[in-house]
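Undergrad: sharing a model prediction with you, sequence too.
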Amino acid sequence: MTTRALAILLLAATAWPAPSVARTTGTPSKAFVAQQFQIWNAALQTGDPQRVAALYCATGAVLIPTVSNTLRTSRAEIADYFQHFLAMRPEGEIDTAYIRILDPTTAIDSGIYTFHLVKDHKPEDVQARYTFVYRKVNGTWCIIEHHSSAMPETGRAVQER
């Protein structure tokens, strides 16, 4: 585990709101929304698919995952996806983010992230487009929608356009 990943994990462990993403009053700030990715990424570092799935809303959540063709619409299905994804020891890093606060109970974080993975015992980076939609339910923020898809072109080709 890298020093950065360990720092994120320790930060998240000390402020971990179980079983959801986070609590806040009023309209969230862009910084608050950006922090939700760090909480999610720290949950990945635990290797516990149930802990990651707990960040998704208990009802109504949708995961359109990066490395599976199956849409996940329940916490059990989301946990199943992460059971397999976590085996690659993912560590995410935001490359570009565009955060929008729609109202006091809904925020969207879209952009490009890179996952540092281990596949076939070799390190590999996978860049993907992402969208997290966060919803405040009973005073607690959770992920209501998460779409992630691998980039169709390499990062260099995208940056050159």
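TA: Nice, thanks for sending it over.
Undergrad: tell me how far the helix or strand harbouring A42 lies from the chain's centre.
TA: For A42, the host element (DSSP states H and E) is helix 30-46. Its chain's C-alpha centre and that of helix 30-46 lie 7 Å apart, by Cα atoms, centre = their mean, to the nearest Å.
Undergrad: who does it touch, helix- and strand-wise?
TA: When contacts are defined as 3 or more Cβ pairs under 8 Å, 6 or more residues apart in numbering; DSSP states H and E, helix 30-46 packs onto helix 3-14, strand 22-23, helix 49-53, strand 91-103, strand 106-119, strand 122-137, strand 140-150. C-beta coordinates here come from the backbone N, C-alpha and C atoms, glycine included.
Undergrad: for it, buried residues please.
TA: For helix 30-46, burial by neighbour count (16 or more other Cβ atoms under 10 Å) applies to 32-33, 35-45.
Undergrad: can I get that helix in PDB, CA atoms only?
TA: Extracted in PDB, the C-alpha atoms of helix 30-46 (Å, rounded to 0.1, in the frame of the first residue of the first chain):
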ATOM      1  CA  LYS A  30     -17.900  21.300  -3.800                       C
ATOM      2  CA  ALA A  31     -15.100  20.400  -1.400                       C
ATOM      3  CA  PHE A  32     -17.500  18.200   0.600                       C
ATOM      4  CA  VAL A  33     -18.600  16.400  -2.600                       C
ATOM      5  CA  ALA A  34     -15.000  16.000  -3.700                       C
ATOM      6  CA  GLN A  35     -14.200  14.400  -0.300                       C
ATOM      7  CA  GLN A  36     -16.800  11.700  -1.000                       C
ATOM      8  CA  PHE A  37     -14.500  10.200  -3.600                       C
ATOM      9  CA  GLN A  38     -11.700  10.000  -1.100                       C
ATOM     10  CA  ILE A  39     -14.000   8.200   1.300                       C
ATOM     11  CA  TRP A  40     -15.100   5.800  -1.400                       C
ATOM     12  CA  ASN A  41     -11.500   5.200  -2.500                       C
ATOM     13  CA  ALA A  42     -10.400   4.600   1.100                       C
ATOM     14  CA  ALA A  43     -13.200   2.000   1.300                       C
ATOM     15  CA  LEU A  44     -11.700   0.300  -1.700                       C
ATOM     16  CA  GLN A  45      -8.300   0.100   0.200                       C
ATOM     17  CA  THR A  46      -9.900  -1.900   3.000                       C
END
